[in-house]
Each structure stands twice: as C-alpha cells, then as structure tokens.
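Novice: coordinates only, sequence not included:
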C-alpha cells in the first residue's frame with residue numbers, strides 16, 4: 001500500500017501523513033463535552049483502566065451472573081495488586097533493569113494515552129460523553145498489558161521465595177499459585193465471547209464475495225469490510241487471484257483507494273485495462289511533462305507522470321469528478337477496446353452511460369461487478385444497468401429495475417457459498433463490522449426470497465390451490481428466509497422476514513414446524529424477535545386447532561411470548577397486536593378490555609395499532625375505535641372513522 005518507492009514516501013507512510021498530523025491538544029474528550037484539559041485527560045486515563053479491567057475475567061467486559069461478577073472483580077484486584085507488588089520488588093532488587101522496563105511500560109500506557117488522544121469509548125454509559133470511537137480501542141494497549149504481566153510474574157516469584165523461606169515443605173504451593181494465576185483467565189473466559197472458536201464470519205464473507213463474479217472480473221468494493229478480507233483470501237490462500245494473462249480470477253478495486261494515485265498505478269501494473277495517457281495527449285499535461293523530461297526532473301513514462309499529477313476536476317455539467325470516477329469510466333471504456341478521451345472522463349454520467357453502456361456494442365473484455373451493498377454514488381449512476389448475481393451486481397447493457405439472476409443466485413446459495421454461521425448460530429458477533437456483514441447476508445437472502453414470492457404472486461400462483469411446483473418453490477424460499485432470519489441483526493429487518501415466513505408457513509400449513517424452528521433458535525440465542533415469531537406461529541396454529549383444549553394451550557403459550565415483549569420499545573407494538581389476537585381468539589373479555597385500555601392510554605401505540613388494523617383487519621380497527629369512543633364519548637372525528645372503515 002501507498003507505494004513507498006522513495007525515502008520521502010516511506011516517511012509519509014510511517015508518519016501517516018494522509019490522515020493529518022497527530023494533535024495533542026485539545027484532547028478529543030474536550031471537544032463536545034467542553035471539559036477542561038485536566039478532567040478531559042483524566043477521562044482518557046479512565047478509559048485505559050477500563051480496558052485493563054477487561055483483560056482477565058468476563059466482568060465488566062460483558063454481562064455475567066452475580067457470582068462470576070464478584071469473582072471477576074476480586075480476581076482483577078488480585079492481578080493488579082500482585083503486579084504493583086512485583087513492580088516494587090523489581091525496583092528494590094535491580095534498579096537498572098527496573099528503569100528500563102518501567103520507562104517502556106509508562107511509554108506504552110500513559111505515553112500512548114497522551115499520544116493517541118482517543119475519543120470516549122463506545123460502551124461509555126454517560127450520554128454526555130461525546131464524540132466516541134467507532135469501536136473499542138483496547139488493542140492499542142496490548143503491549144502495556146503484556147508488560148504488566150511481567151510484574152505479576154515477579155510478584156508471584158517473590159511469594160514463592162517467601163513461602164520457601166518461611167515454610168520450605170510448602171513451597172509447592174507457590175508453584176501451584178503461579179499455575180493457577182496463569183490458567184484462571186483461560187478457564188473463566190472459555191465460554192466468553194473472547195473465545196473466537198468457530199467464528200469464520202469474515203472468512204466466509206470474503207469467500208462468498210470472491211466466489212460470486214464470473215472468471216476474469218473486476219469487483220468494485222465499497223470500503224474496508226469488503227476489501228481487506230478478500231485480499232487475505234487472494235494473497236494468503238491464493239483463492240481466485242487475478243491473472244490477466246490466463247483471463248481468470250477477480251481483481252478487487254476499492255472505491256476509497258481509487259482516489260489515490262498509487263492505487264490507480266497498482267491496478268494498471270496488475271493488468272486492469274486502463275489508459276491514462278490517451279485522454280491527456282495534446283493537453284497542458286503533455287506540455288508540462290515534456291518540459292520536466294527535458295530538464296531531467298522525471299524519468300517516468302507519460303502515463304505514470306499523468307497519474308502522479310491527477311486531481312479531481314470539474315465536469316462538463318459543473319459537478320466534481322473524482323479520481324475514482326475517472327478510474328471507473330476509464331476501465332469501462334478501455335475494457336471495450338477503445339481509447340478513452342478527456343471528454344469521456346468529464347462528460348455528465350447520463351451521457352457516458354448512453355454512449356458506452358446502453359448500446360449493443362457494450363461487450364467488455366472483462367466482467368464488471370460492484371459488491372453488494374453498493375457504493376451509493378455508483379448505485380445512482382449505474383443502477384439501471386445492474387443485475388444482482390449474489391453478493392455482487394454485474395454491469396450489463398440491458399436496462400431495468402431490481403433485476404436478479406435467480407438461477408445463478410440459487411446455485412450460489414445452496415452449492416457454492418460458505419454459510420458456517422448458519423450452523424454456528426449464537427457465536428459472538430458483537431462488533432459492528434461483523435453485525436453488518438451478517439446483516440448483509442440476511443438482506444441478500446431476504447431480497448432474493450421476496451423477489452421469488454413477488455413473481456409467484458404476479459403470476460397468480462399463490463391465489464389458487466398450490467401446485468406441486470409452487471409448493472417446492474415455497475419450500476425453497478422458506479429455507480432462504482430461515483437463513484435470513486439467522487443472519488440478520490436489525491430488528492426492523494427481522495420483522496419483515498418473520499412476516500414473510502409466516503405467510504409461507506401458513507400457505508404450506510406447516511405452523512408446527514415453525515414453532516419448532518423458533519424453539520431451536522431460542523435455545524441458542526434468546527432474542528425478542530424470535531419470541532415474536534413463535535407467538536405469531538402459535539396463534540396461527542391455534543386458529544387451525546381441532547379441539548378447544550389445544551387451542552387454549554397454544555393461546556396461553558402465545559400470551560407468555562407476547563407479554564415478554566411488552567417492556568421492550570422495539571417490540572411493544574408487535575406485542576400489543578399479538579395480545580389482541582390472543583384475547584380475541586380465546587374470548588377472554590376481561591383481559592381484552594385490560595389490553596385495550598393499555599393501548600388507549602398510549603396515543604402512539606393507539607395510532608400505530610389503528611394504522612395496522614385499518615389495512616389488514618378492519619374489524620379490530622373498528623373495535624378499538626368503539627372502545628376509544630366509550631372512554632372519550634365527546635371526541636370528534638371518531639364516528640367518521642368508524643363509518644369509513646365500515647364502508
């Protein structure tokens with residue numbers, strides 16, 4: 001990266017010049033809190049000690065039971081005090097080596113606190129503490145934590161010596177203590193999320209992303225998450241490495257990096273079809289280059305010199321054209337076997353698409369893909385000429401909206417993609433990056449399943465009695481949605497998937513299977529939306545129950561599921577809707593009246609319930625309005641709403 005071909009470039013890379021200078025003042029904990037310098041610096045010291053307390057036992061790094069919480073607190077203090085004592089022992093016994101190690105420890109702890117000048121921790125409970133780092137930064141102090149354990153070791157050795165001196169026959173207890181201190185963190189964290197066993201999220205995502213494009217493709221990626229993991233697979237595992245001579249593999253082209261000169265040159269050297277010489281022939285660039293050549297100031301060829309002097313330009317329509325925009329256009333034109341002109345790089349994007357993509361001549365020498373989800377600007381510019389083929393969109397001549405290659409995607413889902421998380425549901429995915437990757441999987445599966453269902457509906461195959469082929473298709477989509485439900489991490493997305501799954505289980509009359517699915521997932525990971533799913537399936541099953549006893553049993557179980565969701569803001573609306581359904585089916589007028597009163601007492605909930613039932617169940621909407629009218633008989637407009645709903 002950065003192509004450090006000279007000493008100056010190497011120093012610029014080491015000093016992180018592209019990120020701007022490191023500033024000691026003001027402290028980043030001052031900017032939005034307006035704290036004074038000393039309190040702001042003290043907050044950063046607290047962050048260091050917070051991360052120090054995470055190193056040995058699960059609490060306070062994560063939620064634990066009461067016993068483990070107290071054991072964690074006591075254990076952390078044991079390590080801390082043993083280390084402090086070891087520091088003192090080292091100071092007393094060997095001053096020279098003490099100062100060597102102590103100064104290193106101070107530089108790696110207090111020194112890094114001063115130098116890094118971090119914002120507040122993302123897990124800081126104080127809402128006034130802003131801004132915050134995008135992720136926990138405990139890894140910056142790993143060397144300091146290792147150095148502290150050096151002092152813990154000295155402290156333990158002193159204890160061993162003391163026992164040997166005072167009670168020689170019990171000196172084995174000092175060795176046992178050292179072994180215990182060493183092994184305790186391993187034992188206490190074996191089931192903690194710090195144990196990453198089975199976590200192949202990044203690996204699988206990179207594999208799936210690279211597996212999507214056809215042979216000999218360029219894959220435009222959005223940022224770090226869809227760039228670095230594929231690089232690992234290509235460079236370390238040699239998977240689908242780009243080979244322009246053999247016309248195979250995939251070239252990853254990151255949008256963020258394409259705004260740098262060094263990366264554009266790197267892509268040209270890798271064999272990506274690009275031509276930055278032709279567009280600038282006959283311009284002031286060529287004149288300046290020839291002058292430097294004559295004066296002996298450069299020995300580069302014209303194209304490399306142009307790239308070194310390439311900066312954002314104003315396009316013909318007045319919009320700024322960035323280096324990444326020029327690079328994408330250049331690749332498209334060059335892959336068509338044409339020499340790009342400066343006009344091609346600067347014309348309005350609509351004109352460019354019409355000239356080069358929306359034409360029968362669009363037959364690029366290499367396949368052009370954009371990773372899913374797409375970079376927003378590229379989605380706006382090329383969206384009508386993209387077809388989804390899994391984790392990437394292929395650029396095509398044909399124009400259309402929301403198109404998919406369903407056959408290819410089906411093959412990828414069931415035969416090609418690695419989906420180990422679906423088999424290891426419940427492994428820790430706490431970081432925002434991992435949650436985003438998993439949600440991308442869920443979103444992709446949902447979009448595919450939704451598209452297949454829409455096509456079935458448009459063809460009228462869901463309205464009449466289901467044919468065998470339609471049932472097979474529904475079971476396939478059911479499996480896709482089940483995967484989506486496992487992967488997705490956003491509650492609103494989970495609600496949409498659950499809604500679709502409920503329709504399919506209802507159409508296939510497989511509600512019992514749905515309840516078993518919810519139970520199996522809940523046994524691994526207890527989430528509100530799974531309780532909601534189970535509750536809805538229990539209601540659906542109760543409606544088809546053959547006898548009164550089974551109906552009441554299932555409704556009672558559904559009531560428990562919905563009541564567990566009432567206290568959560570993100571699921572309370574679903575809970576009220578579910579409880580209404582339960583009490584209507586069970587004819588429990590007392591509980592029905594109680595839940596209706598709770599709904600009426602909360603205007604936002606009442607409005608949401610009316611909006612939902614007005615669309616899908618007008619009888620319940622009318623019932624709610626009539627109850628509201630009983631409570632507030634003088635309220636205007638209620639009678640009109642009831643008449644409109646009765647229609």
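Specialist: Ah, there it is. Being a predicted model, the structure only gives us computed values, none of them experimental.
Novice: count the residues that sit near the residue nearest to residue 430 when sequence neighbours are not counted.
Specialist: Closest residue to residue 430 apart from its sequence neighbours, by CB to CB, 6 or more residues apart in numbering: residue 193 at 5.9 Å. Heads up, the C-betas are built off the backbone N, CA and C, glycines and all. Residue 193 has 15 neighbouring residues, counting by other CB atoms under 10 Å.
Novice: likewise residue 314?
Specialist: Using other CB under 10 Å, residue 314 has 10 other residues around it.
Novice: got a list of what it touches?
Specialist: Applying CB atoms under 8 Å, 6 or more residues apart in numbering, we find residue 314 in contact with 320-321, 346.
Novice: switch the residues you listed over to JSON lines; also include neighbour count and pLDDT.
Specialist: Shown next, in JSON lines, are the contacts of residue 314 (neighbours: other CB atoms under 10 Å; pLDDT from 0 to 100):
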{"residue": "320", "neighbour count": "9", "pLDDT": "95"}
{"residue": "321", "neighbour count": "19", "pLDDT": "96"}
{"residue": "346", "neighbour count": "19", "pLDDT": "96"}
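Novice: for the residues you listed, which one is nearest residue 492?
Specialist: Proximity of these to residue 492 (CB to CB) peaks at residue 320, which lies at 34.4 Å.
Novice: leaving aside the residues next to it on the chain, what's closest to that closest one?
Specialist: Leaving aside its sequence neighbours, residue 320 sits nearest to residue 312 (CB to CB, 6+ apart; 5.3 Å).
Novice: what does residue 285 give?
Specialist: Spatial nearest neighbour of residue 285, excluding adjacent residues (CB to CB, 6+ apart): residue 306 at 5.6 Å.
Novice: from what I see, that neighbour and residue 289 are in contact.
Specialist: Yes. Assessed by CB atoms under 8 Å, residue 306 is found in contact with residue 289 at 7.3 Å.
Novice: closest to residue 37 out of the contacts of residue 314?
Specialist: Nearest to residue 37 among the contacts of residue 314 is residue 320, at 39.0 Å by CB to CB.
Novice: where along the stretch 151-300 of the chain do the strands fall?
Specialist: Remark: strands assigned in the stretch 151-300 of the chain by DSSP state E, counting those that start in this stretch are 217-221, 250-254.
Novice: can you lay out the ones you listed as JSON lines showing mean neighbour count, distance to residue 440 and mean pLDDT?
Specialist: Formatted as JSON lines, these follow (neighbours: other CB atoms under 10 Å; distance: least, CB to CB, whole Å; pLDDT from 0 to 100):
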{"stretch": "strand 217-221", "mean neighbour count": "25", "distance to residue 440": "12", "mean pLDDT": "97"}
{"stretch": "strand 250-254", "mean neighbour count": "25", "distance to residue 440": "17", "mean pLDDT": "97"}
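Novice: can I get the ones you listed in CSV with distance to residue 476?
Specialist: Listed next are those as CSV, based on distance: least, CB to CB, whole Å:
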stretch, distance to residue 476
strand 217-221, 27
strand 250-254, 28
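Novice: tell me which residues touch the residue nearest to residue 320, please.
Specialist: So residue 312 contacts 320-323 (CB under 8 Å, 6+ apart).
Novice: ok, now how distant is the closest residue to residue 365 other than its chain neighbours from residue 351?
Specialist: Of all residues not flanking residue 365 in the chain, residue 335 sits nearest, at 4.9 Å (CB to CB, 6+ apart). Using CB to CB, to the nearest Å, residue 335 is found at 19 Å from residue 351.
Novice: check which helix or strand covers the residue positioned nearest the centre of the chain.
Specialist: The residue lying closest to the centre of the chain (CA atoms, centre = their mean) is residue 436, at 1.3 Å. Assigned by DSSP states H and E, residue 436 belongs to helix 432-458.
Novice: ok so, going back, more crowded one of residue 335 and residue 351?
Specialist: A direct count of neighbours by other CB under 10 Å for residue 335 and residue 351 places residue 335 higher, at 21 against 13.
Novice: pretty sure that one is touching residue 364, no?
Specialist: Yes. Counting by CB under 8 Å, residue 364 is a contact partner of residue 335 at 3.9 Å.
Novice: what about the closest residue to residue 536 other than its chain neighbours, how many residues nearby?
Specialist: For residue 536, ignoring the flanking residues on the chain, the nearest one in space by CB to CB, 6+ apart is residue 502 at 5.5 Å. Here the number of neighbours of residue 502 (other CB under 10 Å) works out to 18.
Novice: so what's residue 502 up against?
Specialist: Contacts of residue 502 (CB under 8 Å, 6+ apart): 514, 533, 536-537, 540.
Novice: change it to 7 Å
Specialist: By CB atoms under 7 Å, 6 or more residues apart in numbering, the residues touching residue 502 are 536-537, 540.
Novice: also residue 241?
Specialist: Residue 241 makes contact with 234, 249 under the criterion CB under 7 Å, 6+ apart.
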